[in-house]
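J.: the following block contains a protein sequence and its predicted model.
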Amino acid sequence: MPEPLDQKTVHDNLRQWHYWWLITFSLLLIITFVYYLPLRFLYQASTGDHNEMIDEHREDISADTHEDAMDAHVEDMPGGDDHGGGHGETVFHEEGDILEGLVSVFSAFPLPAQTGATTTFEFFVNEKPDTTPVLSGALEIEHEKLMHVIGVRSDMNEFFHIHPTETERAGVFSVNQNFSKPGVYKIWSEVKQNDTIHVFGHPELFVRGEGMESEKQVSFERHAVVGDYQVFLQQGTMAKNVPTHLSFDVHDVFAEDVLLDDYLGAKMHLAIIKDDLTQLIHTHPGSDSIEGADDHHAFSPVISKAYAHGEENESSAPVPSTHEESIEFTVEFPEAGLYKAFAQFRPHGIDIPPEEALVAAFWIEVKDIPKTTISPWWMLLIGSLILIVIVSTYVKKYIGEEKV
């Protein structure tokens, strides 16, 4: 007859198995939190960078293909053969602050500007302090134009993007503009020289006429109807100094996908303007619109803050899924506050002049969210060390109690 097991022996065996189970569990925690999760995080980060490189490569291929098709047209134009495939550094100016170097001097006539009448804009591109005219041959083409001009009314309800052409007078570019509504307008112009984009903010222009000079209403609707088309905006976290992804989908009235033709060498042009008119971002698809990036145009403060915000209106419209014709942007906002995004696009086959595009507008609220100073890898490491300390303390306490 087998001898009965001693209770102390059984207890010692159980304690030994319990001890090794705790050791195994501790090793599993160490492997998971110190090795596997950090390694997985680094792998995903590197994969993301690789995907971004692939996307940039695809954009380069697309740009090269488009450039080949445009060569015959562009070679006959002054200022080189760049239509937007390569972008240089961007320098920001206020016209009145420039005492030396390149400047664009804005004038309008007749004054005062009136609604319903043609107002002529002139931009005298010259070098200070000698006011030496800069000829078109010394400038470079950016997105198929030697000069881009963006304007907006103070309430953000009126927007235009036009392109002055060279006149017979040296250094002078001119374009006609018809205002439909009165109010105060802020105007910016940009030219490219020596692979550097110069953006100039000009004094505001007052336009007289019948009607309200400001009718500011803020709505955060993410669905805009433009004629026979509807545009949906999907966005990431909107925070100051954080890269933000903006995705635009264009559909017809039947919610079918719409193909887009190129407008000035890009599927879409995006101008984002702060509601106090102190910041402007002018960018194009596929570019990293952040500080120091190729397609980012922003401005320092130019006029005092004025108009109060309207009531917010949260969107309830359904957002369609992303598809092949989604237009992607990456934008970094330099300041918190309210912005309005103006997305210009040309649906395939639309019957409008070649120089024109449809515009979908969206209000954007950017918050001042402090960036975390601890990376996810360090957070995982600290968390795993805390768990290991807790488990180790429990094992030590358990072994101490058993010895007693």
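T.: Here it is on my side, so go on.

J.: part of a helix, is Ile390?
T.: Yes. Assessed by DSSP: H, G, I helix; E, B strand; the rest coil, Ile390 belongs to a helix.

J.: burial of it, as a residue count?
T.: By other Cβ atoms under 10 Å, the residues close to Ile390 number 11. The C-beta positions use only the backbone N, C-alpha and C, and glycine is treated the same way.

J.: elements contacting the host helix or strand of His161?
T.: According to DSSP states H and E, His161 maps onto strand 159-162. Judged by 3 or more Cβ pairs under 8 Å, 6 or more residues apart in numbering; DSSP states H and E, strand 159-162 is in contact with strand 147-153, strand 172-178, strand 269-274, strand 337-347.

J.: ok, that strand: who's next to it in the sheet?
T.: Using DSSP bridges, strand 159-162 pairs in its sheet with strand 147-153 (antiparallel).

J.: name the SS class of Gly137, please.
T.: Here Gly137 is helix, with the state taken from three-state DSSP.

J.: how close does it sit to Gly171?
T.: For Gly137, the distance to Gly171 equals 11 Å [Cβ to Cβ, to the nearest Å].

J.: tell me which of these two has more neighbours.
T.: Neighbour totals were compared for Gly137 and Gly171, and Gly171 leads with 21 against 10 (other Cβ under 10 Å).

J.: does that one really touch Pro133, like I thought?
T.: Yes. The pair Gly171 / Pro133 is scored as a contact, 3.0 Å apart, by Cβ atoms under 8 Å.

J.: overlap in contacts of those two?
T.: Common neighbours of Gly171 and Pro133, counting by Cβ atoms under 8 Å, 6 or more residues apart in numbering, are Phe124, Val125, Asn126.

J.: and the first one, what is it in contact with?
T.: What that stands for is Phe124. Counted by Cβ under 8 Å, 6+ apart, Phe124 has contacts Ser104, Val105, Ser107, Pro133, Gly171, Val172.

J.: could you do the second one as well?
T.: Taking Cβ under 8 Å, 6+ apart as the definition of contact, the neighbours of Val125 are Leu102, Val103, Ser104, Val105, Pro133, Val134, Leu139, Met147, Gly171, Val172, Phe173, Val191.

J.: 6 Å instead, please
T.: By Cβ atoms under 6 Å, 6 or more residues apart in numbering, Val125 lies in contact with Ser104, Val134, Gly171.

J.: and which of those is nearest Trp20?
T.: Nearest to Trp20, judged by Cβ to Cβ, of the contacts of Val125 is Ser104 at 77.9 Å.

J.: for the contacts of Val125, which one is nearest Glu335?
T.: Once Cβ to Cβ is applied, the member of those that ends up nearest Glu335 is Ser104, at 24.4 Å.

J.: mind checking pLDDT for the residue lying closest to Val250 once chain neighbours are set aside?
T.: What sits nearest to Val250 in space, not counting adjacent residues and going by Cβ to Cβ, 6 or more residues apart in numbering, is Val258, at 4.5 Å. Note on Val258: pLDDT of 88.

J.: now do the phi/psi pair for Val258.
T.: Backbone torsions for Val258, taken as degrees, to the nearest 10, come to phi -120, psi 130.

J.: quick check: next helix or strand after the strand holding His161?
T.: Assigned by DSSP H and E, the successor of strand 159-162 is strand 165-166.

J.: list the contacts of that following strand.
T.: Contacts with strand 165-166, where a contact means Cβ under 6 Å, 6+ apart, come from Ser136, Phe173.

J.: low pLDDT regions in the stretch 251-400 of the chain?
T.: Residue ranges of the stretch 251-400 of the chain with pLDDT under 70: 286-325, 371-381, 384, 391-392, 394-400.

J.: how does it look with 50?
T.: For the stretch 251-400 of the chain, the stretches flagged by pLDDT under 50 are 288-323.

J.: for Pro354, which of the helices and strands packed on strand 159-162 is the nearest?
T.: For the helices and strands packed on strand 159-162, distance to Pro354 was read as Cβ to Cβ. The smallest value, 8.7 Å, belongs to strand 337-347.

J.: hmm, who's touching the closest one?
T.: Contacts to strand 337-347, defined as Cβ under 6 Å, 6+ apart, come from residues 156, 159, 229, 248, 258, 260-261, 263, 268-275, 357-365.

J.: hey, where'd the strands end up in the stretch 301-404 of the chain?
T.: With DSSP state E, counting those that start in this stretch as the criterion, the stretch 301-404 of the chain has strands at 327-331, 337-347, 358-366.
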